[in-house]
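Based on what follows, work out the 3D shape:
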Amino acid sequence: MNNLWASFLVVAIGSGCARAEEPTAAPATKIVALGDLHGDFTNALAVLELAGIVDEKGHWNATNTTLVQTGDTTDRGPQSKEVMDLIRRLQKEAAKAGGRVVPLLGNHEMMNLHGDWRYVSPEDVEGFGGTEERKRAFSQEGEYGQWLFSLDIAAKVEDSVFVHGGIHPDFAKGGVEELNKHFHGVHTAKDDPIFGSQGPLWYRGYAQEPEESACPRLTMALEDLGVKRMVVGHTTQRTGKIEVRCQGRLHMIDVGIAKHYGSNLAAWEWVDGDARALYQSGAIDLEDPS
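You can find the predicted model right below:
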């Protein structure tokens, strides 16, 4: 891992896909973040409505709000296409209403883009019209491949950084913009360290290692990134609740929204520096970093 940052100094120019968004979002009165959705369209809509993002018909209904989805819209469930279509539609609706949707890539989107279908359900394949049609859809020239390859792997919004797995200090040294720039230069290179177990899409160290070792490492990364907290998905919280580690510096929002993981509906919300968890039973304040 010590040599990983050196590879960031050589970034391929041009990825063949236009960037959808800059990595730093414009100021927002409110931020809402959702974890892994895993091909469950019904629960995706339900949690968006719970968070006040959409109305009962599934259309954008928020004011001065940035919605961040931390990846893993695909696999496990049968409706990856419908979930991605929902996010894409909300991107357009939010922009017209003065809001913003920031979809990020997770490891499961990258697996599909790299041809790894081990977690794809037969129903999901049928939803695209068959195997060959799905392959074309996820290719660099395909409708969904083009969109996914245009997305970033991390976003800095206000005082937080959002990412699917976690940003190890070796990937944090150049900040969010350099991290995304590197990704877009090598996104088809399966053997690049950014796609390894310590890369931002797969890293679980902050969520699983003892806090004695994880928290100092997290603090180093946050200092390099210039933020107070990191908000991550990827590691499913078996409690079905949003969990916090490292004195509020790590918020883990993969609660298992999809039916495959128990249909645990929860959204992360930030207003004026204060974060809270939104559940069907009500809102609960989350520990914020001092």
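
so where's this structure shaky on pLDDT?
1-28 (pLDDT under 70).

who's in contact with the residue nearest in space to the middle of it?
In the chain, the C-alpha nearest the mean C-alpha coordinate belongs to Thr70, at 1.4 Å (CA atoms, centre = their mean). By CB atoms under 8 Å, 6 or more residues apart in numbering, the contact set of Thr70 is 33-36, 104, 106, 162-164, 231-234, 253-254. Glycine gets a C-beta too; all of them are placed from N, C-alpha and C.

Now the terminal residues of stretch 193-203, how far apart.
11 Å (CA to CA, to the nearest Å).

correction: stretch 100-115
30 Å.

where's it relative to the chain centroid, distance-wise?
8 Å (CA atoms, centre = their mean, to the nearest Å).

Do a quick rundown of the helices in the stretch 1-150 of the chain.
Per DSSP state H, counting those that start in this stretch, the stretch 1-150 of the chain carries helices over the ranges 4-8, 41-50, 80-96, 107-113, 122-127, 131-138, 143-150.

no, scratch that, I was asking about the stretch 151-290 of the chain
Going by DSSP H, counting those that start in this stretch, the stretch 151-290 of the chain shows helices at 169-172, 175-186, 205-208, 211-225.

rewinding a little: burial of the closest residue to the residue nearest to the centre of the chain other than its chain neighbours, as a residue count?
What sits nearest to Thr70 in space, not counting adjacent residues and going by CB to CB, 6 or more residues apart in numbering, is Gly233, at 3.9 Å. By other CB atoms under 10 Å, 31 other residues sit near Gly233.

quick one on the thing from earlier: deepest in the core, which of the helices of the stretch 1-150 of the chain is it.
Highest mean neighbour count among the helices of the stretch 1-150 of the chain (mean count of other CB atoms under 10 Å): helix 107-113, with a mean of 24.

list the contacts for the spatially closest residue to Ala154 that is not a sequence neighbour?
Nearest residue to Ala154, sequence neighbours excluded (CB to CB, 6+ apart): Val163, at 4.4 Å. By CB under 8 Å, 6+ apart, the contact set of Val163 is 70, 104, 153-155, 200, 230-232.

Tell me what Val163 is bridged to.
Ala154, Val232 (DSSP bridges).

Distance check, it against Thr65.
20 Å (CB to CB, to the nearest Å).
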